[in-house]
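Q: Sharing a model prediction with you, sequence too.
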Amino acid sequence: MLKKPEFNLCSLRKIVCGMRIKYLIFIFIPFTILISISCSITREDMFTIASIGPEPEIEVNGYPNNTGKYNFGTVDVYTSYSATFTVENRGTGRLRISAISFIEEDVTWFTIDLSSTVSILSSGENTTFTVKFRPTNDTYQSAKVIILSNDYDESRYTFTVEGSGFGIPTITPDITVKQGTIDIPSGSPVPIDFGKVEIGASSTQIVTIENNDTGELNVYDVYTTPGVNTEADEFSIIAPSIPVSLLENSSTTFTIMFRPVDTGNKSATVTIISDDPDENPYTFTVQGDGSAVPEPDINVKQGDTELPSGFGVYNYGYVESNTTTPPVVFTVENKGTAILNINSISVTSGDPLQFIIDTSSTVFNVEESSSTEFTITFSPDSVAEYKSAIITIDTNDLDENPYTFQVEGEGVILPVSDINVKEVAHNSFYDFGPVLVGTSKTVTFTIENTGTADLNITSVVNINPEKFTLDDTTISNVPPDGGTFFTVTFSPIDTKDKTATIEIYSNDLDENPYRFKVSAYGSEGPEPDINIRVDGINYPTGSEYYFNDIEIGSSSEPVKFIIENKGTGTLEIESILLEWKNIEDFDLDYDPLSLSFSAGGSIPITVWFKPTKSGRRETRLKIRSNDSNEDIYYIKLRGYGI
């Protein structure tokens, strides 16, 4: 006679409550089941059993959780090698990847590229990300990759990457930092001064990072560290292009914003992390004064170039002796909140007969947020030599009076040529904007000779002919005050951003080659346009959001980041991820079914700050979408654990 099988429900309870199980299968056989009742099972236990359903299962192909290891081997110093990793959802439920980064905070030889990574994977789907290895010396280094997801038992998936550098580099990068045309040496004792800014208002300064050597310069991060009596968010960085790789003689910019929350002197240290061999980190200081009462604040520019008080310089270049240059216009801005009274503008050092100031059109009482102008001509005498003068502006600005800057030039005996392109300045950008795919847009660039000798143009070179078409068949040599022209055409075949460098070679003594970049992107008609705001304030890509200081182990209040579609086409969000540095100190949540929305629509992303360590904690919120010119949109998240 067959024995009746016994089934202890307490054992089932232990299985369900003590661990997660993916599938529970009951096989019914034609026997009476005797249930032991030596212990009880609760309603919660029965709910747990009933609620078991489809679950995600993360796997990085070839690299098991906690034990996987990828070795880049030995790589020549200052060269790069990349490896692509595939993340697969082997479960039955939807896998949501929330973050990919390194556990170590100061990894610089390894970088992660998430430009093709999808953050939502259905059962059986996969996505990829890339790790780049670029050693800067001949030692070994490793890093641990961490992936955070909604996999119940592997929510923290890790594996190791490692490699060694080899040899002595034949080419190396060299970082240079400028405000306008003024070099800012690393550790410079002269800060960038924002002057007086009224509480609740803001002021910005643009800083340029250049690579002046033959090796590729990788800029990984730019951040501020507040000084005494300065809140963490009073100086912030807007850096949409960083991280970035800069080739020789290329550059990028970032913006520093000063927004005082109370009165007093404020300061911060700006730190740039790169792979420059001898200037990493690169640091300089900024300062400003929070003002509660209206005060004037003077600032002087020549064109778009700032001329900071005390170290601003304008160079007239080479000018034929006993001639006079056309008047150069200088702009005096009042960036304060009260009327700026200009008492005088004069030459206080140097020869006033060679640098002649004209204030006939100058307004001497400048309203807030307004400006006025004066001009200076350069008339070198018969001696062929370097000339300079100090220009002094006496005003009622309380902390920059007098305001001084330098003008200089070189007198030459023989006539000289001087190149200028009317549409775009030397070492700057010209933006074509969107161009419909399948059509073309042509821009004419006019070369002017503002010198006194013929301008002989030897060549016009398009460094990237596969992206833009150059027509220089109309180019000719240019007499003084004359001009010639060439055209550049953009004919997009896709919607990718395109950039090219144009170089004009001539007999100009100080701008040879005359160089600028052109940029454009293809458009297919109606386009989406992504924008993010928090509490009604716009946060452009590359900007920073500061959480309040939070005790270690605690969590901030939830902060809603609103993703808006301000364009005319449907916005498709392809991934929402935390990347870089302290990803475990932040958390995010959103509706994975609402990532496509039409023009005028919006969706929220909720973010929390929950520090695990003291001090500055930071990561990046990175959003990839079908916005053609902001397909990667990121905001740096920062907070302090206390």
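A: Now that the structure is in, tell me what you want to look at.
Q: Now do the end-to-end distance for stretch 455-467.
A: 29 Å (CA to CA, to the nearest Å).
Q: what sits against Leu121?
A: Neighbouring residues of Leu121 by CB atoms under 8 Å, 6 or more residues apart in numbering: 56, 87-89, 94-97, 127. The C-beta positions use only the backbone N, C-alpha and C, and glycine is treated the same way.
Q: Kindly reformat those residues as a markdown table and extend each row with neighbour count and secondary structure.
A: Output for those, formatted as a markdown table (neighbours: other CB atoms under 10 Å; DSSP: H, G, I helix; E, B strand; the rest coil):
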| residue | neighbour count | secondary structure |
| --- | --- | --- |
| Pro56 | 22 | coil |
| Val87 | 23 | strand |
| Glu88 | 16 | strand |
| Asn89 | 24 | strand |
| Arg94 | 17 | coil |
| Leu95 | 25 | strand |
| Arg96 | 18 | strand |
| Ile97 | 27 | strand |
| Thr127 | 20 | strand |
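Q: Now tabulate those in CSV and tack on distance to Asn211 and pLDDT.
A: Shown next, in CSV, are the contacts of Leu121 (distance: CB to CB, whole Å; pLDDT from 0 to 100):
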residue, distance to Asn211, pLDDT
Pro56, 43, 94
Val87, 33, 96
Glu88, 38, 96
Asn89, 41, 95
Arg94, 43, 93
Leu95, 40, 94
Arg96, 38, 94
Ile97, 34, 94
Thr127, 32, 95
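Q: Backbone dihedrals for the closest residue to Ala83 other than its chain neighbours, please?
A: The shortest distance from Ala83 to any non-neighbouring residue, by CB to CB, 6 or more residues apart in numbering, is to Val131 (5.5 Å). Dihedral pair for Val131: phi -110, psi 130, per degrees, to the nearest 10.
Q: distance of Val131 from Ser142?
A: Here the criterion is CB to CB, to the nearest Å. By it, Val131 lies 12 Å from Ser142.
Q: picking that back up, how about the contacts of Leu121 in TSV, adding distance to Glu279?
A: Converted to TSV, the contacts of Leu121 look like this (distance: CB to CB, whole Å):
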residue	distance to Glu279
Pro56	45
Val87	37
Glu88	42
Asn89	44
Arg94	47
Leu95	43
Arg96	41
Ile97	36
Thr127	37
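Q: so Tyr590 sits right up against Ile605, yeah?
A: Yes. Here Tyr590 lies in contact with Ile605, judged by CB atoms under 8 Å, at a distance of 4.6 Å.
Q: Need the overlap of contacts for those two.
A: Ile576.
Q: what residues does stretch 271-281 touch?
A: Residues contacting stretch 271-281 (CB under 8 Å, 6+ apart): 78, 108, 134, 136, 169, 172-175, 177, 186, 209, 217-225, 282-283.
Q: quick one: the helices in the protein?
A: 9-18, 43-51 (DSSP state H).
Q: worst average pLDDT in those helices?
A: Lowest mean pLDDT within the helices of the chain: helix 9-18, at a mean of 40.
Q: So what's the gap between stretch 349-366 and the chain middle?
A: 39 Å (CA atoms, centre = their mean, to the nearest Å).
Q: which residues are contacting it?
A: Stretch 349-366 has contacts (CB under 8 Å, 6+ apart) with 296, 324, 327, 332-334, 339-343, 345-347, 372-381, 387-391, 407.
Q: which of those count as buried?
A: Listed as buried from those are 296, 332-334, 340, 342, 345, 347, 372, 374-380, 387-389, 391, 407; burial here means 16 or more other CB atoms under 10 Å.
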